[in-house]
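1. this one's structure only:
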C-alpha cells in the first residue's frame, strides 16, 4: 500500500500489488520502488503508475525462500 499526500494534506492510498505474500524487503529510489516477496522481486514505476515486471525466485524442491535473506540496495 502506498500513501501519498494530496490537496489539503489528505492521504490517498494506492494498492501496488496484491496476492504475492508478505513483503520481506523494500527499496525506494526516485521514481522506482522494488520489493521482495515470497513470489519474487517486483519493480514499480511511481510516475507511470505501473509494474515494470516480476523476477520470480527459482523453485527448488529442497530449498525454501526462508533459507535466504533478501537485501535490496
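-> Structure's in. What do you need? Computed from a prediction, not measured in an experiment: that's the story for all the values here.

2. how about the spatially most central residue of the chain, what does it touch?
-> Within the chain, one residue has its C-alpha closest to the average C-alpha position: by C-alpha atoms, centre = their mean, that is residue 35, at 3.0 Å. By C-beta atoms under 8 Å, 6 or more residues apart in numbering, the residues touching residue 35 are 23-27, 41-42, 44, 72. Quick note: C-beta positions are derived from backbone N, CA and C, even for glycine.

3. and residue 67, how far is that from residue 57?
-> Shown here: residue 67 relative to residue 57, a distance of 11 Å by C-beta to C-beta, to the nearest Å.

4. equivalent analysis for residue 9, please.
-> From residue 9 to residue 57 the distance is 39 Å (C-beta to C-beta).

5. out of the two, which sits in the busier spot?
-> Using other C-beta atoms under 10 Å as the criterion, residue 9 and residue 57 rank with residue 57 on top: 15 against 6.

6. for the more buried one, give me phi and psi.
-> Dihedral pair for residue 57: phi -70, psi 150, per degrees, to the nearest 10.

7. hey, what's the closest residue in space to it that isn't next to it in sequence bridged with?
-> Spatially, and ignoring its direct neighbours in sequence, residue 57 is nearest to residue 40 (5.0 Å; C-beta to C-beta, 6 or more residues apart in numbering). With DSSP bridges as the criterion, residue 40 is bridged to residue 56.

8. residues near residue 40, how many?
-> 15.

9. OK, contacts around it?
-> Applying C-beta under 8 Å, 6+ apart, we find residue 40 in contact with 54-57.

10. among those, which one has the most neighbours?
-> For the contacts of residue 40, neighbours were counted using other C-beta under 10 Å, and residue 57 has the most, 15 neighbours in all.
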